[in-house]
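Novice: Fold the following for me, if possible:
(one chain, ligands or ions: 3)
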Amino acid sequence: MLIPLVQGIRKFAMSAAQKPQIVFVLGAPGSGKGTICKNIVENYKFIHLSAGDLLREEQNTEGSEHGDMIKEYIKLGKIVPVEITCGLLKKAIEKSGASRFLVDGFPRNQNNLDGWEKVMSQCVDVKFVLFLDCSEEVCTERCLNRGAQGSGRTDDNLDSLKKRFNTYSNETMPIIKYYEGKGMVERVDSNRTLPEIFEDIKKIFTPFISQS
Ligand SMILES: Nc1ncnc2c1ncn2[C@@H]1O[C@H](COP(=O)(O)OP(=O)(O)O)[C@@H](O)[C@H]1O
Ligand SMILES: Nc1ccn([C@@H]2O[C@H](COP(=O)(O)OP(=O)(O)O)[C@@H](O)[C@H]2O)c(=O)n1
Ligand SMILES: [Mg+2]
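Specialist: Ligands and ions are numbered 1, 2, ... in the order given. From the prediction side, this is the model:
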């Protein structure tokens, strides 16, 4: 009797350990999410999934039934319904088969969070939220520069940026506060230079990797 029980426990422990680990990366437009995720991937074993990149890819996929809608939402800085975004994230996580992911730019509002909880909470393990805290002034300048350098994005202009910041303050900040209440937020001041930010990133990720 004891052997099946031990085997059962071991199987349970293994399946918990094998759940993909997720770190959400949140912050205002231009706070450096993409840049910092790239740095983390270069130094630690993570796969970077940007919700915005996945949506732009879907928007450009020929025959996509959501293409026009995504295009409109992005230009207006509105958050696309979670069924689409979470579907793309889930597919990418499953396809990759990796064990650690940086999910950049998600969950960005209550609808994103609810949809994620419903579909993903059983099969992944959200470890913490990396919050890149950066002033609107610095972020705006960075996004305008990104546009001027040929990002090709339809939303790196002052008009869209104002809308994106509104969405960020009204819809994303409450999600960051929610995770703060759960003691799950690692805040980094991303107004600074990249080497300064990376020093803080190391202090967060090195212990995390060695403990998990
Ligand atoms: N710490 C930083 N200092 C100066 N420029 C930065 C910094 N972090 C990012 N950038 C630049 O700012 C722009 C926005 O960065 P990005 O990583 O795309 O941010 P996000 O994904 O949050 O919108 C990019 O052109 C990037 O090269
Ligand atoms: N979870 C998400 C992430 C992005 N998006 C859309 O994609 C746009 C660009 O997101 P992004 O993460 O690439 O932008 P940055 O914050 O990186 O500049 C957002 O303004 C939204 O319109 C979304 O609808 N839902
Ligand atoms: Mg980005």
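
Novice: Output the host helix or strand of Leu144 as PDB, nothing but the C-alphas.
Specialist: Here Leu144, judged by DSSP states H and E, is contained in helix 136-148. Extracted in PDB, the C-alpha atoms of helix 136-148 (Å, rounded to 0.1, in the frame of the first residue of the first chain):
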ATOM      1  CA  GLU A 136       6.000  59.500 -18.300                       C
ATOM      2  CA  GLU A 137       8.400  62.200 -19.500                       C
ATOM      3  CA  VAL A 138      11.300  59.800 -19.900                       C
ATOM      4  CA  CYS A 139       9.100  57.100 -21.500                       C
ATOM      5  CA  THR A 140       7.500  59.600 -24.000                       C
ATOM      6  CA  GLU A 141      10.900  60.700 -25.100                       C
ATOM      7  CA  ARG A 142      12.100  57.100 -25.500                       C
ATOM      8  CA  CYS A 143       9.000  56.100 -27.500                       C
ATOM      9  CA  LEU A 144       9.300  59.200 -29.800                       C
ATOM     10  CA  ASN A 145      13.000  58.300 -30.400                       C
ATOM     11  CA  ARG A 146      12.000  54.700 -31.100                       C
ATOM     12  CA  GLY A 147       9.500  56.000 -33.700                       C
ATOM     13  CA  ALA A 148      12.100  58.400 -35.200                       C
END
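
Novice: That one near ligand 1 at all?
Specialist: Yes: using CB under 6 Å from any ligand atom, helix 136-148 reaches ligand 1 at 142, 145-146. In short, each C-beta sits where N, CA and C put it, glycine included.

Novice: After that helix, which helix or strand is next? Please name it.
Specialist: helix 158-167.

Novice: For the closest residue to ligand 2 within the chain, what are phi and psi?
Specialist: Ranking the residues of the chain by distance to ligand 2 (CB to the nearest ligand atom) places Gly52 first, at 1.8 Å. Gly52 adopts backbone torsions of phi -60, psi -40, taken as degrees, to the nearest 10.

Novice: Now it: closest residue in space, sequence neighbours ignored.
Specialist: Distances taken as CB to CB, 6 or more residues apart in numbering place Gly105 nearest to Gly52, at 4.9 Å, with adjacent residues excluded.

Novice: That neighbour - how many residues pack around it?
Specialist: 24 (other CB atoms under 10 Å).
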